[in-house]
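> My questions are about this predicted structure, shown below with the sequence.
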Amino acid sequence: LRLQQPNLAAARLGVGPVHRRAGLLTIWHPDGSHGRGEAAPLPGYGGGDAAAVFAALDRVAGTFGRLARQGPLQLEGRGLDAWSEALACGHALSATALDALAAWADALLSQPGRPAAALPAARHALVSALLSLLASRAGVGMASVLGNMTAPATAPTPTLGSAADLTMAYLRDHQLIAAVDPVDVAQAIAGCAAPPPAFKLKIGALDWPADVARVQAARTAIDAMVAQHALKVVPQLFCDANGAYGSAQAQQVITALSALGVTRLEEPLRAPTPGELAALRGRGCDVAVDESCRDVTALQRLIDADAVDTVVVKPMCSGLIGAHRLAQFAAAAGLEVVVTSTLDGDDAARAGRAVARAVPWQRRGICGFGPGSRSRYVTESAPSHPTQLVPYPLVSSAQAAPWALALSVWPAHNAADRAAADVQTMTAQTLLAQSLAYAASYSRAGFAPGDGVALAATSTLVAVARLHGLLLARIEATLRAADHAVDVRHDDS
């Protein structure tokens, strides 16, 4: 696939037009299920050299036939079929199994003089495709496959619809403002159809007065948005300097940004040391690290120096398992974790969201998969399956207002016997999560359009969720019968 990102130059302020290539690796199972992973190295941000990444994935694609003849992949003594069954029962891959998978991927990708560590985007594609395949066969989300490494080993598996399940599903995303001129910055914010929880502005490529004018314009536009919509929660304002400043200037910058209402400054220092980052904290604006902290070893040095508030994780730059490990390590240390894209496509965004959802909700910050963070691919050849986008009201409702009341039921039929304590309620997000679970079970059972299905339920709430599940399963089966690629998930509208 070939991709051009016209907004990349504005987003980075000063970088010329970038032509970027992305590859999609698909792994098929003999039963017809498949998983897909994206490799999209971004010049200047990481992911590896594009030519080397695609050459490595070509080698992997040519190797799978030989690997299949040698025997199935084993993780902790279990094959993919056994792991799919375990995942369907609510288990996640253990840390040992994830390490084994990472080692297997590295062995496939490495060559003499070019270790797999130099090709994180290739790692990302290969591991994402395999984990996506496991999730698809188990009927669960990829976040459930990765699991929460910070949870006690004896913790019970949350039941569908519980608070733990919902907080795993719900993500908040910032909106990236790529405009350079202050007027355009203000217009971009004012033009938002729905106020996001935060806006992110790139700074550091222009002189400081110009950046101050842009931040002031953003602050004014956000205040106007709050007044216009009578918002009870004010959208936050983040800035990302991409390592633009020396230590002395960074101290002045972060103090000034704090006065303008900026709540987080990302990568302020050109060549950061733990001590210099620590000196920036406590000035009213959180300090975040991104490209200067790609692994657990680097993060541990920052933790030892009490030098950071927030860790920004980019799976395309660290590899999916590396990003998951980094995010979990940061969360266990009590830091805020933010997972973002590198302006990737939809497949990488799904994998990145899985990493974010596996982070305990108490440590999960506002992530970066919102407007302005996605890319649209222009294919070099026609796709093998046409894509069909089917709007579904339940999905739209859960995205627009996840905690809004969707259903309420009083079990008692006599109005005089009803009490407030008897009422059963379900939010839009809970209804969607349960409906998708039922849809997956119907699909695994082999239900097809035209089959007669009798639904029996003692609870009206359950009956409605089962009905939605049946409708979702029918849509999926109908599209597959028409040779359309289908991807029904609750992180896509």
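Nice, I can see it.

> where does Val140 land in three-state SS?
Using DSSP: H, G, I helix; E, B strand; the rest coil, the structure places Val140 in coil.

> I'd guessed it sits against Ala86; true?
No: the criterion here is C-beta atoms under 8 Å, and Val140 misses it with Ala86 at 10.5 Å. In short, each C-beta sits where N, CA and C put it, glycine included.

> Go ahead and flag the most central residue of this structure.
With the centre of the chain defined as its mean C-alpha position, the nearest residue by C-alpha atoms, centre = their mean is Arg353, 1.7 Å away.

> ok, Ala356 - contacts?
143, 171, 327, 337, 339, 364, 367, 369 (C-beta atoms under 8 Å, 6 or more residues apart in numbering).

> Including neighbour count, could these go into TSV?
Below are the contacts of Ala356 laid out as TSV (neighbours: other C-beta atoms under 10 Å):
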residue	neighbour count
Ala143	24
Leu171	21
Ala327	29
Val337	25
Val339	29
Arg364	22
Cys367	26
Phe369	22
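
> Can you list which of the residues you listed are found in strands?
Members of those lying in strands (criterion: DSSP state E): 337, 339.

> Now tabulate the contacts of Ala356 in TSV and tack on distance to Ala125 and pLDDT.
Below are the contacts of Ala356 laid out as TSV (distance: C-beta to C-beta, whole Å; pLDDT from 0 to 100):
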residue	distance to Ala125	pLDDT
Ala143	18	87
Leu171	22	79
Ala327	19	96
Val337	23	97
Val339	17	96
Arg364	25	93
Cys367	21	93
Phe369	18	86
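
> Check what pLDDT Tyr438 gets.
Tyr438 is assigned 83 on the pLDDT scale.

> Is it in a helix, a strand, or coil?
Relying on three-state DSSP, one would call Tyr438 helix.

> go on, Thr96?
Going by three-state DSSP: Thr96 is helix.

> returning to what we had before: Val140 and Ala86: who's more crowded?
Val140 (21 against 17; other C-beta atoms under 10 Å).

> what separates the closest residue to the more buried one other than its chain neighbours from Leu131, distance-wise?
Nearest non-adjacent residue to Val140, counting by C-beta to C-beta, 6 or more residues apart in numbering: Leu87, 5.6 Å away. Relative to Leu131, Leu87 is positioned 10 Å away (C-beta to C-beta, to the nearest Å).

> is it fair to say Lys200 lies in a strand?
Yes: under three-state DSSP, Lys200 sits within a strand.

> wait, isn't it in contact with Asn242?
No: applying C-beta under 8 Å as the test, Lys200 and Asn242 come out as separate, 11.8 Å apart.

> out of these two, which sits in the busier spot?
Lys200 (26 against 19).

> which ones are touching that one?
174-177, 238-240, 368.

> Using a markdown table, please lay out those together with distance to Arg444.
Shown next, in a markdown table, are the contacts of Lys200 (distance: C-beta to C-beta, whole Å):
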| residue | distance to Arg444 |
| --- | --- |
| His174 | 37 |
| Gln175 | 37 |
| Leu176 | 38 |
| Ile177 | 43 |
| Phe238 | 42 |
| Cys239 | 47 |
| Asp240 | 43 |
| Gly368 | 34 |
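
> Out of those, name the ones that lie in strands.
Checking those against DSSP E, those in strands are 175-177, 238-240.

> Let's have those in a markdown table, adding pLDDT and distance to Gly147.
Formatted as a markdown table, those follow (pLDDT from 0 to 100; distance: C-beta to C-beta, whole Å):
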| residue | pLDDT | distance to Gly147 |
| --- | --- | --- |
| Gln175 | 90 | 30 |
| Leu176 | 90 | 29 |
| Ile177 | 89 | 34 |
| Phe238 | 97 | 29 |
| Cys239 | 97 | 33 |
| Asp240 | 95 | 30 |
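
> that's a helix at Phe447, yeah?
No: remark: Phe447 does not belong to a helix; assigned using three-state DSSP, it is coil.

> okay, it: pLDDT?
Value for Phe447, per-residue pLDDT: 71.

> Also the one 10 residues further on?
Reading off the per-residue confidence, Ala457 sits at a pLDDT of 64.

> swap in Val262?
The model reports Val262 with a pLDDT of 97.

> okay, now it: neighbour count?
23.

> you'd agree it is up against Phe238?
Yes: Val262 lies in contact with Phe238 (C-beta under 8 Å); the separation is 6.9 Å.

> sorry, back to before: pretty sure the residue nearest to Val140 contacts Ala143?
No: between Leu87 and Ala143 there is no contact under C-beta under 8 Å: 11.3 Å.

> So which residues of the stretch 301-450 of the chain form helices?
According to DSSP state H, counting those that start in this stretch, the stretch 301-450 of the chain carries its helices in the segments 315-318, 320-332, 346-357, 393-400, 428-444.

> got the buried residues for the second one?
Taking 16 or more other C-beta atoms under 10 Å as the basis for neighbour counts, the residues of helix 320-332 that come out buried are 320-331.

> so which of the residues you listed comes closest to Lys232?
Set against Lys232, the nearest of those by C-beta to C-beta is Ala331 (27.6 Å).

> Now do the contacts for that closest one.
Applying C-beta under 8 Å, 6+ apart, the residues near Ala331 are 150, 337, 359-360, 363-364.

> Serialize those residues to CSV and add fields for distance to Ala465.
Output for those, formatted as CSV (distance: C-beta to C-beta, whole Å):
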residue, distance to Ala465
Thr150, 30
Val337, 31
Val359, 27
Pro360, 26
Arg363, 30
Arg364, 26
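
> what bits of the stretch 51-200 of the chain have low per-residue confidence?
64-72, 149-170 (pLDDT under 70).

> now do 90
51-95, 100-101, 103-119, 133-145, 147-173, 177-180, 191-196 (pLDDT under 90).

> Quick one: list the elements packing against the helix or strand hosting Ile254.
Taking DSSP states H and E as the definition, one finds Ile254 inside helix 247-259. Applying 3 or more C-beta pairs under 8 Å, 6 or more residues apart in numbering; DSSP states H and E, one finds that helix 247-259 contacts helix 208-229, strand 264-266, helix 274-280.

> hmm, who's touching that helix?
208, 212, 215, 239, 241, 245, 265, 268-269, 276, 279-280, 283-285, 287.

> chain center to that helix: distance?
In terms of C-alpha atoms, centre = their mean, to the nearest Å, the centre of helix 247-259 is set 30 Å apart from its chain centre.

> got the angle between it and strand 198-202?
With axes from the mean of the first three to the mean of the last three C-alpha atoms, to 10 degrees defining the directions, helix 247-259 sits at 150 degrees from strand 198-202.

> Report the buried residues of helix 247-259.
Counting neighbours by 16+ other C-beta under 10 Å, one finds that the buried residues in helix 247-259 are 247, 249-251, 253-254, 256-257.

> Pipe those into CSV and attach pLDDT and distance to Phe447 per row.
Shown next, in CSV, are the buried residues of helix 247-259 (pLDDT from 0 to 100; distance: C-beta to C-beta, whole Å):
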residue, pLDDT, distance to Phe447
Ser247, 94, 63
Gln249, 95, 63
Ala250, 95, 59
Gln251, 95, 63
Val253, 96, 59
Ile254, 96, 57
Ala256, 95, 61
Leu257, 96, 55
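
> what helix or strand does Ile27 sit in?
When elements are assigned from DSSP H and E, Ile27 belongs to strand 23-28.
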